[in-house]
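K.L.:
Prediction below, plus the sequence it came from.
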Amino acid sequence: MQFLLSLSVSLSLAAYANGSKYMRKPLIDEIDTAPLTHPLMEGSLIEKQFSENPHKGKDVFDMVLSGEFALTEVKISSNQDEIRAYFCDFEFDQTKKDPSLAPHYIDFYGESVHCQEHSVSLPLHDIAEACREHDKGTSIEPDAFILNQPRSGSTILSNMLTVSHPDTRVISDPTAIGQIFKCEKCDHDLKVQALKDVMYLLGRSQTSGQLFVKIAARHTIGLPVLRDAFPDTKWLYLYRDTDTVLQKLMDTRHERRVCGSYRYIPGAAMTEFLTSQEKSKDSLESEEQACAAYLATHMTMVLNELEADDTSGRIVVYEELLDRKSIEDLFDYLEVYSPNWDQVEDQWNKRSNSGRGEDWTGEAQLHISDQVRSATAEFEMSAEA
């Protein structure tokens, strides 16, 4: 049943994108939704666990084309032959929320009951093409991408940019981009096109002003894809003393556990880096070594991209975010003119990533362990390498 429903939607969307007047467009209760809302399920115990879908029976294409439904994530099929985009009804208006209370894109759609219970999915490229045709090219491209080491100040930078001007929009850590970047088995050209499609869908509601996109630290591996998709777009890589970054990761139970996973499943990029160092995953005997290799993999990738003749990238050292003059220089580089400095400084004085809007009282004294120092020295990590 689910296969037939998905096949029907794919054929309908393809016909619509090609301008067919005769293929009936599917309604919301006929497409891939979560939970199951097909009429055959009406009255079932499963359906009763969820709220009533306020958009049931409406034309899904019109909801997406009009912008009433916005993109939240993408999912790639197990054999990498299909990428589906997920949409739902939520408000993404950063002028109405203090970014220190909602520092990530998911903080907006994560609060939507419709997104949690009634999201809809459509083939990514087909719906992106239909939206391009509908919008007549009014969407803007990103002004810059913000990549980063963990714990390097990227969220405080994105929060300051968010409030710098009413026409400035920041999309922070979008899941859809991460899903594309982490698909190691996907064809490179497919990922480039998918990134273009996702960025169009994320940015199409903005026709003027500036758009910045912050990429989650773990998705720095997607930098080559990003560069090929948007070769003229500026990008930053926020860097911090690696002993400090690694120790902070080791002091957090969840992040230490994630680091430990790289000892067993390092991924293609990290495996290639280890090979270049005449090492393998078997060389990683501790969480500190594994996470140091992970950080070094990303730094090597960044430095390689910075060596390109046509690069539009720049490394931003953490200390540049600690004083007004350096922030002003960075805003000038990003062409953020006449910012609201009162609001920017207000964000600078808050904890950026807690989601509680607390005042920042400085960092506690950090003790760097011998294991951390040994691991970072082993991989000789430096922004000047």
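P.N.:
That came through, no problem. Since the model is a prediction, treat every value here as computed from it, not as a measurement. Residues are numbered from 1 along each chain as shown.
K.L.:
Please count neighbours and contacts with C-alpha atoms only from this point.
P.N.:
Will do.
K.L.:
so which helix or strand takes in residue 57?
P.N.:
Taking DSSP states H and E as the definition, residue 57 sits outside all helices and strands.
K.L.:
That one: neighbouring residues, count only.
P.N.:
12 (other CA atoms under 10 Å).
K.L.:
Same question for the one 5 residues further on.
P.N.:
Residue crowding around residue 62 was assessed by other CA under 10 Å; the count is 13.
K.L.:
part of a helix, is it?
P.N.:
Yes: according to DSSP: H, G, I helix; E, B strand; the rest coil, the state of residue 62 is that of a helix.
K.L.:
Which pLDDT value belongs to it?
P.N.:
With respect to pLDDT, residue 62 scores 92.
K.L.:
what does the one 3 residues further on give?
P.N.:
Per-residue confidence at residue 65 stands at 94 (pLDDT).
K.L.:
Can we start the residue count at 831 from this point?
P.N.:
Noted, 831 is the first residue going forward, which turns the last one into residue 895.
K.L.:
and the gap between residue 1106 and residue 900?
P.N.:
42 Å (CA to CA, to the nearest Å).
K.L.:
more crowded one of these two?
P.N.:
residue 900 (26 against 10).
K.L.:
quick one, strands of this protein?
P.N.:
863-864, 900-906, 913-918, 949-953, 974-978, 998-1002, 1040-1044, 1064-1069, 1143-1147 (DSSP state E).
K.L.:
Switch the ones you listed over to TSV; also include mean pLDDT and distance to residue 926.
P.N.:
Below are the strands of the chain laid out as TSV (pLDDT from 0 to 100; distance: least, CA to CA, whole Å):
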stretch	mean pLDDT	distance to residue 926
strand 863-864	48	28
strand 900-906	94	18
strand 913-918	95	20
strand 949-953	94	24
strand 974-978	98	23
strand 998-1002	94	12
strand 1040-1044	96	17
strand 1064-1069	97	27
strand 1143-1147	96	29
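K.L.:
Which one of these lies nearest to residue 1181?
P.N.:
strand 998-1002 (15.9 Å; CA to CA).
K.L.:
packing partners for that closest one?
P.N.:
Applying 3 or more CA pairs under 8 Å, 6 or more residues apart in numbering; DSSP states H and E, we find strand 998-1002 packed against helix 984-994, strand 1040-1044.
K.L.:
where are the low-confidence patches of this protein?
P.N.:
831-879, 1185, 1211-1215 (pLDDT under 70).
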